[in-house]
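Peer 1: For reference, the sequence and a predicted model appear below.
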Amino acid sequence: MTGNSLFDLAPVAMVILNKKGQFTQANQSALNLFGYTIDEILKLELQDLIHPDEVKTFARMLKEISEQHESFIEIQNRYKTKNGEFISAILKVVVNKDPDKIIGQLIDITEQIKTGIALKESEERYRLLVENSPFCIHSINLKGQITSMNPAGLKMLGGISEDNVCGIHYLDFVGEKDKNRIGEMLQKAFKGEVSFYDFDVDVEGEKVYFKSNFVPIMSPAGKVEKLMGVTQDATELKKSENIRIREALAREKNALLTEEIEERKKIELKLQKSIIEKEFLLKELHHRVKNNLQLVSSLLGLQANFMNNPDFYAAINDSQNRIKSMAMLHEILYQNDSLAEINVKQYLTKLLESKTQEALAPGKTIVFEITAPKIQFEITQMLPLGLMINEFVTNSIKHAFKDSKKGIINLELQETKPNEYMLNYKDNGPGIAKTSTRSKGLGMELIESFVEQLNGSIEMNSSSTGLVYQILFHRMHKKTKELN
């Protein structure tokens, strides 16, 4: 293949300029990038396409090249295409031995810049939401130290600065009588549980009551990265309880209850409003987590497009599927009345439908047979369960249905004993041959990890009629709710 052929067939935009910046040659990728024909672009100089605000910078670059101060230069500019739109690209310039021949490579980074801007906007909206929240919102690292706290939280602690809070262990702000109890809650949160608790502290000589929770923030690998805490000043609620006690004592003595009853109603209305605001905040947090997971998945996809490696692309695709499984949980929680529990059959149906749409090759079909009782699991149990099923289906698509046009997957969840569940997963593939030397891959390691998170056990049986997984596990945390 000749040098000109390599130039013309290059997958990236390649141009050749003279020392004045005029196009003398451009490959097809460059023509596609700018939208011009070869005859049109040869009449232009590259600076004709550069954004007016950046022309001077480009002119300086040409001067440095002409004076042979630089032999290689890389510069980012905005370029105007034939249809009038601006794109962002990185120009990498190499000066040839011929001083009148400048070889340039243009890499389009428009989408990366748009993605970065969208991420910054999302982070800014989240920051404003936290900073303007009426609740104390704080983050805790895996050592138990506070790493951030919003203005409402600092005000609750008497108006101290954030510098005086960050780095201090969370339990240092808790009274001695509550340390053991809340310490246990903290350890449960580090294991992935959402914990709710109340406590009181002395602020400037007065006792202030709080209701709070720990929300684990999980990594794409399913491990706790940090905790987010939301704390509400419950002093008014405590006052309301005291009022009710006084009402019960005074009801038999006199009829002067009207004023106190009105006061109680006002407090309860205020508390109801606070609860609604808190529920909105939690929904918004689930929504943000879902959006951020989708953004991470998109960024992985963009990165994969730049890697000419099928194995790397397949690994990225598997990671995207796992991220989508987690994002789907937060999407359902955002849409549900319940902020902590998932309708098992609804989630499994949606998860398997998405696998059908994203994983099948043309001409192939998968039939899913799902049997599950009308129950709800908490997100801490549904997350490893969903990720495990995602790995089962991925393995079936890759191995069991590789040579068949129609695959059948049977998924059955049943309660075998009170609070004890059995999950049966079966495909109609050829099974795993006894002589198979296939090594245990990442997928199987993840499955075993998810079974461990469920505190369960797994058994696999293979035959010529398919592969069967049977998982036994107990409910976690609160009692699983039956649906009406």
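Peer 2: Thanks, I have it.
Peer 1: From Ile41, how far off is Ala118?
Peer 2: In this view, Ala118 and Ile41 are 32 Å apart by C-beta to C-beta, to the nearest Å. (Glycine included, C-beta is placed from N, CA and C.)
Peer 1: Next: Arg264.
Peer 2: Arg264 is 78 Å from Ile41, by C-beta to C-beta.
Peer 1: ok so, going back, who has more neighbours, Ala118 and Ile41?
Peer 2: Ile41 (21 against 13; other C-beta atoms under 10 Å).
Peer 1: number of nearby residues for Ser464?
Peer 2: Neighbour tally, Ser464, other C-beta under 10 Å: 8.
Peer 1: which residues does it contact?
Peer 2: The contact partners of Ser464, by C-beta atoms under 8 Å, 6 or more residues apart in numbering, come to Pro430, Gly431.
Peer 1: what's the pLDDT at it?
Peer 2: On pLDDT, Ser464 comes in at 79.
Peer 1: likewise the one 5 residues further on?
Peer 2: Per-residue pLDDT puts Tyr469 at 93.
Peer 1: quick check: domain ranges of this structure?
Peer 2: 3-108, 114-233, 340-482 (automatic domain parsing).
Peer 1: so what's Met422 closest to, chain neighbours aside?
Peer 2: Thr416 (4.9 Å; C-beta to C-beta, 6 or more residues apart in numbering).
Peer 1: where do the strands sit along the stretch 51-200 of the chain?
Peer 2: 72-80, 86-95, 102-108, 136-140, 146-149, 195-203 (DSSP state E, counting those that start in this stretch).
Peer 1: With distance to Ile408 added, can I get those strands in TSV?
Peer 2: Shown next, in TSV, are the strands of the stretch 51-200 of the chain (distance: least, C-beta to C-beta, whole Å):
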stretch	distance to Ile408
strand 72-80	53
strand 86-95	48
strand 102-108	44
strand 136-140	46
strand 146-149	49
strand 195-203	42
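Peer 1: rewinding a little: pairing partners for the helix or strand hosting the residue nearest to Met422, with directions?
Peer 2: Element membership for Thr416, per DSSP states H and E: strand 406-417. Under the criterion DSSP bridges, strand 406-417 sits next to strand 365-371 (parallel), strand 420-427 (antiparallel) in its sheet.
Peer 1: among the ones you listed, which is the most enclosed?
Peer 2: strand 420-427 (a mean of 19; mean count of other C-beta atoms under 10 Å).
Peer 1: Kindly reformat the strands paired with strand 406-417 as TSV containing mean pLDDT and distance to Val15.
Peer 2: Below are the strands paired with strand 406-417 laid out as TSV (pLDDT from 0 to 100; distance: least, C-beta to C-beta, whole Å):
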stretch	mean pLDDT	distance to Val15
strand 365-371	87	48
strand 420-427	93	53
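Peer 1: And those strands: which comes nearest Thr81?
Peer 2: Thr81 lies closest to strand 365-371 among the strands paired with strand 406-417, at 42.3 Å (C-beta to C-beta).
Peer 1: who are the neighbours of whichever helix or strand comes after the closest one, in terms of helices and strands?
Peer 2: Once the chain leaves strand 365-371, the next helix or strand it forms, by DSSP H and E, is strand 375-378. On a contact count with 3 or more C-beta pairs under 8 Å, 6 or more residues apart in numbering; DSSP states H and E, strand 375-378 meets strand 341-343, helix 344-359, strand 481-482.
Peer 1: What degree of burial does the residue lying closest to Ile73 once chain neighbours are set aside show, as a neighbour count?
Peer 2: Once flanking residues are discounted, Ile73 sits nearest to Val93: 4.6 Å by C-beta to C-beta, 6+ apart. Residues lying near Val93 (other C-beta under 10 Å) number 21.
Peer 1: for the helices and strands packed on strand 375-378, which one ends up most surrounded?
Peer 2: The highest mean neighbour count among these, using mean count of other C-beta under 10 Å, belongs to strand 341-343: a mean of 22.
Peer 1: Can you tell me the strand partners of it and which way each runs?
Peer 2: As assigned by DSSP bridges, strand 341-343 forms pairs with strand 375-378 (antiparallel).
Peer 1: Helices of the stretch 101-250 of the chain, residue ranges please.
Peer 2: 110-131, 151-156, 176-190, 235-250 (DSSP state H, counting those that start in this stretch).
Peer 1: which intervals of the stretch 351-484 of the chain have sub-threshold pLDDT?
Peer 2: For the stretch 351-484 of the chain, the stretches with pLDDT under 70 are 357-362, 433-440, 477-484.
Peer 1: Contacts for stretch 169-179 next, please.
Peer 2: 140, 143-146, 157, 182-183, 186, 199-202, 229.
Peer 1: out of these, which are buried?
Peer 2: Buried by 16 or more other C-beta atoms under 10 Å: Ile140, Gly144, Ile146, Leu157, Ile182, Leu186, Phe199, Asp200, Val201, Gly229, out of the contacts of stretch 169-179.
Peer 1: Now distance to Tyr170 and pLDDT too, for those residues, in CSV please.
Peer 2: Output for the buried ones among the contacts of stretch 169-179, formatted as CSV (distance: C-beta to C-beta, whole Å; pLDDT from 0 to 100):
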residue, distance to Tyr170, pLDDT
Ile140, 6, 89
Gly144, 5, 84
Ile146, 6, 89
Leu157, 12, 74
Ile182, 8, 85
Leu186, 7, 85
Phe199, 11, 77
Asp200, 15, 77
Val201, 12, 71
Gly229, 8, 82
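Peer 1: that older thread, of the helices and strands packed on strand 375-378, which is nearest Ile103?
Peer 2: helix 344-359 (41.0 Å).
Peer 1: between the closest one and strand 365-371, how big is the angle?
Peer 2: On the basis of axes from the mean of the first three to the mean of the last three C-alpha atoms, to 10 degrees, helix 344-359 is oriented at 170 degrees to strand 365-371.
Peer 1: start the count at 59, not 1, going forward
Peer 2: Okay, using 59 as the starting number, the last item reads as helix 402-417.
Peer 1: Could I get the CA-only coordinates of helix 402-417 as CSV?
Peer 2: C-alpha atoms of helix 402-417 as CSV (Å, rounded to 0.1, in the frame of the first residue of the first chain):
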residue,chain,number,x,y,z
VAL,A,402,-39.5,-8.2,42.7
LYS,A,403,-41.5,-9.4,39.7
GLN,A,404,-41.7,-5.8,38.2
TYR,A,405,-37.9,-5.4,38.5
LEU,A,406,-37.1,-8.9,37.1
THR,A,407,-39.4,-8.5,34.2
LYS,A,408,-37.9,-5.1,33.3
LEU,A,409,-34.4,-6.4,33.7
LEU,A,410,-34.9,-9.4,31.4
GLU,A,411,-36.7,-7.3,28.8
SER,A,412,-33.8,-5.0,28.6
LYS,A,413,-31.4,-8.0,28.2
THR,A,414,-33.5,-9.2,25.3
GLN,A,415,-33.3,-5.8,23.6
GLU,A,416,-29.6,-5.2,24.0
ALA,A,417,-27.9,-8.7,23.7
